[in-house]
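In: with the sequence up front, the predicted model follows.
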Amino acid sequence: MDNYITKIQKNSIIPLAFYEQYDVKKGLRDVNGKGVLAGLTNISAIHSFDEAGDPMPGILEYRAINIKAISEHLKAENRFGFEEITYLLLFGELPTASELAEFNLKLVDKRHLPPEFVRDIILKATSNDVMNSMSRSILSLATFDEKVNEMTLENVLDQSLSLIANFPLLAIYAYQAYNHIEKDESLYIHYPDKNLTTAENILRLLRPDKQFTDTEAKVLDLALILHMEHGGGNNSTFTTHVVTSSGTDTYASVVASLSSLKGSKHGGANIKVAKMLDDIWKNVPDHTDEDAIFDYLCKILNKDAFDKKGLIYGMGHAIYSLSDPRAEVLKSYVKELAEEKGLHDAYQFYKKIERLAPQAIAQERNIYKGVSANVDFYSGFVYQMLGLPEELYTPLFAIARIVGWSAHRMEEMLNMNKIIRPAYESVLTTKAYTKIEDREL
Ligand SMILES: CC(=O)SCCNC(=O)CCNC(=O)[C@H](O)C(C)(C)COP(=O)(O)OP(=O)(O)OC[C@H]1O[C@@H](n2cnc3c(N)ncnc32)[C@H](O)[C@@H]1OP(=O)(O)O
Ligand SMILES: O=C([O-])CC(=O)C(=O)O
């Protein structure tokens, strides 16, 4: 293997200077970190710089409606919102009461898996990586769909609604199977309840006694809403655009996006945050010693601690600078929940990391805009307080984000009709083929 690795490194590493010379937009970004314009969208908008080009607190709008207004209204009216905001994102308008009731029925009607699917597919090969288990299940569901390759808007919407309705089942049954087969726990496969919302059903499917409080379900509902959509350029949604443009089917497109989302620089950061906070808590014995915490954060950045990747998870964002509005909303819930659950010290610890990490990153990296907590920073803490297992943190993100992927897939189909195909310039000069006996050892 060492020999192969040496050859790969010798023949694949391209001098850094070439990227500048050829004006390559690394990460499809300009030198200031701004993404190259790859498309237009009606689905959501993200604002992080003001008209003068100065960083401002982040704003996220779903179909032009501020997500803070959405979450405030839902809280004030003490209502669930996942289904309503799914409607908004997919169809572009808030539903009337009767439209929402009809849409709820549609999702309920679709929320079931083929007979024996759990036994024959989900229980067959288990893994602690629930995202991969979900991918396997989605591709298996494709084999049950006689219209798998039919690319009409009507069929793609129908397939998307089925997947949106069934994502909670795919995630939680995969977790239950893993928990039973690999962790020797009892097996619980509860059926969803037609009278419950998506968030309530998630808790019902997960808990052995199917019980949960209204507050728990509403907090989960809000967390899902905040994760549903984030423009066309985020890694998993851009993946949706790329693969949709090739004409692939809905199941394959969703699996591609799911595979992107699980990466630890994207949705997979939420589980990393939980593990990293645990690691810092264990390695810095005095949890109030800010100098020691700062030094440890610098060790993480210098690849001397935690997973040695040099990243402080849950911090930083490709677009936001001063703040990610989703993290702010989640934080307000974390505060209340932490007091309720007697986790005051853990909350204070999270807040310290949130304050010190940007300073450590600014010291150790070249930051052209500010760094602040992103949506993944507090989400895991919320899930922990709801008693949800770590294995489900990123799948919960997927249960929400599939709505955004579905809206973007349809937008791509309707507007672009052009295969996405950027350019890669070769930096080699042509050489002759050498006969095998003439090759140097
Ligand atoms: C749902 C989501 O996807 S939210 C993001 C979830 N991901 C994470 O929390 C992982 C940690 N964060 C990161 O890796 C980054 O902040 C990203 C991937 C989110 C954004 O990265 P970029 O767009 O490159 O951010 P930005 O341009 O502001 O970064 C400037 C420099 O600071 C570094 N940096 C930014 N955030 C961090 C961080 N949290 N830890 C260490 N270094 C960081 C970048 O790697 C970059 O260094 P480089 O110039 O040597 O490449
Ligand atoms: O926009 C991004 O790059 C990542 C992100 O926050 C998301 O997908 O929610």
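Out: Yep, that arrived. Ligands and ions are numbered 1, 2, ... in the order given.

In: quick one: residue 104 from ligand 2, how far?
Out: 25 Å (Cβ to the nearest ligand atom, to the nearest Å). In short, each C-beta sits where N, CA and C put it, glycine included.

In: hmm, who's touching the regular element (helix or strand) spanning that residue?
Out: Using DSSP states H and E, residue 104 maps to helix 97-110. By Cβ atoms under 8 Å, 6 or more residues apart in numbering, the surrounding residues in contact with helix 97-110 are 83-84, 86-87, 95, 161-162, 164-166, 194, 198.

In: mean confidence for that helix?
Out: For helix 97-110, the mean per-residue pLDDT is 98.

In: cool, and stretch 332-344?
Out: 90.

In: and if you look at stretch 184-196?
Out: On average, the pLDDT along stretch 184-196 is 97.

In: hmm, which two among the contacts of helix 97-110 are most spread apart?
Out: 95 and 166 (21.1 Å; Cβ to Cβ).

In: more crowded one of these two?
Out: It is residue 166, of residue 95 and residue 166, that has more neighbours when counted by other Cβ atoms under 10 Å, with 23 against 18.

In: that one: which element?
Out: Judged by DSSP H and E, residue 166 forms part of helix 153-181.

In: again, but for residue 405
Out: helix 393-415.

In: and residue 362, by the same measure?
Out: Take DSSP H and E as the rule and residue 362 turns out to sit in helix 344-364.

In: what is the burial count for the residue of the stretch 1-150 of the chain found nearest ligand 1?
Out: Distances between the stretch 1-150 of the chain and ligand 1 by Cβ to the nearest ligand atom are smallest at residue 33, namely 4.0 Å. Residue neighbour count, defined by other Cβ under 10 Å, stands at 15 for residue 33.

In: quick check, it in contact with residue 320.
Out: No: counting by Cβ atoms under 8 Å, residue 33 sits too far from residue 320 to count as a contact (11.1 Å).

In: which parts of this structure are strands?
Out: In the chain, the strands defined using DSSP state E lie at 44-49, 55-62, 65-66.

In: take those and write them to TSV, including distance to ligand 2 and mean pLDDT.
Out: Output for the strands of the chain, formatted as TSV (distance: least, Cβ to the nearest ligand atom, whole Å; pLDDT from 0 to 100):
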stretch	distance to ligand 2	mean pLDDT
strand 44-49	7	96
strand 55-62	9	96
strand 65-66	16	98
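
In: same list (the ones you listed) but as TSV, adding mean neighbour count.
Out: Formatted as TSV, the strands of the chain follow (neighbours: other Cβ atoms under 10 Å):
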stretch	mean neighbour count
strand 44-49	18
strand 55-62	19
strand 65-66	16
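
In: tell me the spacing between the closest residue to ligand 1 within the stretch 101-250 of the chain and ligand 2.
Out: Using Cβ to the nearest ligand atom, the single residue of the stretch 101-250 of the chain nearest to ligand 1 is residue 234, 6.2 Å away. Using Cβ to the nearest ligand atom, residue 234 is found at 3 Å from ligand 2.

In: just to revisit the earlier point, elements contacting the helix holding residue 362?
Out: helix 269-283, helix 290-301, helix 325-340, helix 375-385 (3 or more Cβ pairs under 8 Å, 6 or more residues apart in numbering; DSSP states H and E).

In: to ligand 1, which of these lies closest?
Out: Here helix 269-283 is closest among the helices and strands packed on helix 344-364 (Cβ to the nearest ligand atom), at 3.5 Å.

In: for that closest one, which positions count as buried?
Out: Neighbour counts over helix 269-283 (16 or more other Cβ atoms under 10 Å) mark 269-274, 276-277, 280 as buried.
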